[in-house]
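S.K.: Build me a model from this:
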Amino acid sequence: MTTTNHAEAEMDGLQAREFHGSVTIDQEPHENGVRHSTAGETELADVRDRFIDPIGMGHARRVIGNRAVVVLQGVGSGRGTAALRLLVESGYEKVVRLDPARRLCTVKADDLREREGYLWESTGPGSTALTDSDFDHICRLIQDKKARLVIVVDRVVRLAAVSGAIIELSPPHPGTVAQAFIAASRPHDQDVAATLECGMAKYLNPGDPPRKAIRAAELAILVADGELAEEEASRELTTGESCPGGRVHR
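M.R.: Sure, this is the predicted structure:
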C-alpha cells in the first residue's frame, strides 16, 4: 500500500518504485453522475511517490494486465491505495472514480474514454453489490475502450464471471512501511531511525494496517524532535487514543 495516506483512512501505503508519467484526477462529475471523483492531489502524489506493495500486489498486476479489470479485497490492506497505484503505474493520463452508489451495469459506453483508468470502490455497510451481470457488462466496455478498471469491495461471493479476477490483498509488514515513510520524510536522520527501531517499532505487529505503521513513523519523528514524550507516543499506539502531538507536516 502508498507513504502518507492519512492515518485515519484506509487508503494508505508506501512507495518503493519510481513512476514516470503524468496523471490527473478528474474532479468534475459527469453530467449523468456516473463519473465521480473524490481523490485529491496529496493522495495522488502519495500513490505516485510513496508506495509499499501489499501482499498479493504482483498477482493483481498480472490480472489487470491480462484482463483489464481486477477486483481487490482485503480490509486493512491498503487496497484503495493499491487500486490507484495499479492505475497510475499503467501510465494513464487520467484516473476517474465511478460513482459507488451506481451499479456497474448502469455505466454506458459514452461514460468512458479511451486510455483512462477507472476505480469503483464499493465498501462498508450498505455498499452496492457486485454481480455477474455487472462484471460482464463493465468488462466488455472497459476492454472496448482500451481502458483499465480496478474494483474494490469488501467481499464477493464466488461468482462465475468474476472467477480469476479476485485478489485478496494482505498488508505489508508494518516495519517496512514505517521505515519507508521515515526514509522518504527524513532521509539520513539517524535519530529518527533509532527512535523508530528502539521505541515505536515494538508496538507494530504483522497484520497491522499500514495506517498504524505510518502513524508509528510520524510519532517517532515527533519524539526525536522533542515535540512529544515517548510515553505519550507509546500510549497512542497501544490504546489508539490520539496524543496531543498531532500530525507530522510533509
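
S.K.: ok so K202 is a helix residue?
M.R.: Yes: per DSSP: H, G, I helix; E, B strand; the rest coil, K202 lies within a helix segment.

S.K.: how far away is it from P172?
M.R.: As judged by CB to CB, to the nearest Å, K202 and P172 stand 18 Å apart. The C-beta positions use only the backbone N, C-alpha and C, and glycine is treated the same way.

S.K.: and if you look at C198?
M.R.: On the measure of CB to CB, C198 and P172 end up 22 Å apart.

S.K.: go on, A233?
M.R.: 22 Å.

S.K.: Comparing C198 and P172, which residue is more hemmed in?
M.R.: P172 (25 against 11; other CB atoms under 10 Å).

S.K.: Was I right to think that one contacts P209?
M.R.: No: look at P172 against P209 with CB atoms under 8 Å: they stay out of range, at 10.0 Å.

S.K.: between the two, what contacts are shared?
M.R.: Contact criterion CB atoms under 8 Å, 6 or more residues apart in numbering; residues shared by P172 and P209: G78.

S.K.: what's the domain layout of the chain?
M.R.: Using automatic domain parsing, the domain parsing of the chain gives 24-168, 174-239.

S.K.: Tell me where the model's unsure across the chain.
M.R.: 1-32, 36-41, 43-44, 93, 157-158, 243-250 (pLDDT under 70).

S.K.: So the spatially most central residue of it, which state does it fall into?
M.R.: Nearest to the mean C-alpha position of the chain, by CA atoms, centre = their mean, lies T81 at 1.1 Å. Secondary structure, three-state DSSP: T81 is helix.

S.K.: wait, isn't it in contact with D53?
M.R.: No: the pair T81 / D53 is not scored as a contact, 10.7 Å apart, by CB under 8 Å.

S.K.: In CSV, list the C-alpha atoms belonging to stretch 214-225.
M.R.: C-alpha atoms of stretch 214-225 as CSV (Å, rounded to 0.1, in the frame of the first residue of the first chain):
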residue,chain,number,x,y,z
ILE,A,214,2.6,5.3,9.2
ARG,A,215,1.4,6.8,12.5
ALA,A,216,4.2,5.0,14.3
ALA,A,217,6.7,6.7,12.0
GLU,A,218,5.1,10.1,12.5
LEU,A,219,5.3,9.6,16.2
ALA,A,220,9.0,8.6,16.0
ILE,A,221,9.7,11.9,14.2
LEU,A,222,7.8,13.9,16.9
VAL,A,223,9.7,12.1,19.7
ALA,A,224,13.1,12.5,18.0
ASP,A,225,12.4,16.2,17.5
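
S.K.: Appreciated, that's everything.
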